[in-house]
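Chemist: For reference, the sequence and a predicted model appear below.
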Amino acid sequence: MVNKVILSTSLVLLGLCLAAQNVSARNHQPAAVSPAQQFVDSLPESYATMFLNYYLGVGLEQRNPKYVNQRSNDNLFIILVKLFQPPKDFAENLLNFVEATFKLTDDDVYRLARDNTVCTPAGECFNPGDVGTICCPF
């Protein structure tokens with residue numbers, strides 16, 4: 001009985017150590033990483049795409065009031081947006097970066113932020129998760 005308790009406790013502690021090591025490794029940044037990339041890396045993984053969508057929409061709204069950013073009904077996301085503040089000009093820089101990298105118009109980016117996917121005239125389709133894999137050198 002005592003051995004089972006010790007083994008169980010050891011496994012729990014090992015799991016906690018591995019989880020902490022994983023978080024530490026994910027949050028460890030080389031000195032050359034941009035503030036924008038540090039911001040994206042600091043986000044909870046399951047919400048990173050939602051943040052990119054949201055800030056693409058913010059960038060569009062700042063540039064042109066005809067674009068209305070989609071608002072999430074996810075209460076946790078709403079709280080996270082208030083807790084995780086991006087670097088100065090993040091939305092504008094993200095919008096410029098995405099448009100230049102993928103050769104998109106404002107309308108294309110609006111569809112990307114609204115529908116979570118867009119297809120370019122060249123036939124390439126992607127979603128904001130794709131943006132996250134190459135984001136954010138600015």
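Modeler: Arrived safely, thanks for sending.

Chemist: in what helix or strand does the most centrally placed residue in the chain lie?
Modeler: Of all residues in the chain, the one closest to the mean position by C-alpha atoms, centre = their mean is Ala48, 2.5 Å from it. Assigned by DSSP states H and E, Ala48 belongs to helix 48-63.

Chemist: Next, the buried residues of that helix.
Modeler: By neighbour count on 16 or more other C-beta atoms under 10 Å, the buried set for helix 48-63 is 48-61. Quick note: C-beta positions are derived from backbone N, CA and C, even for glycine.

Chemist: Likewise for stretch 108-117?
Modeler: Buried residues in stretch 108-117 (16+ other C-beta under 10 Å): 108-110, 112-114.

Chemist: Would you mind giving those as a markdown table with secondary structure added?
Modeler: Shown next, in a markdown table, are these (DSSP: H, G, I helix; E, B strand; the rest coil):
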| residue | secondary structure |
| --- | --- |
| Asp108 | helix |
| Val109 | helix |
| Tyr110 | helix |
| Leu112 | helix |
| Ala113 | helix |
| Arg114 | helix |
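
Chemist: which among these gets closest to Ile78?
Modeler: Checking the buried residues of stretch 108-117 against Ile78 by C-beta to C-beta gives Ala113 as the nearest, at 16.5 Å.
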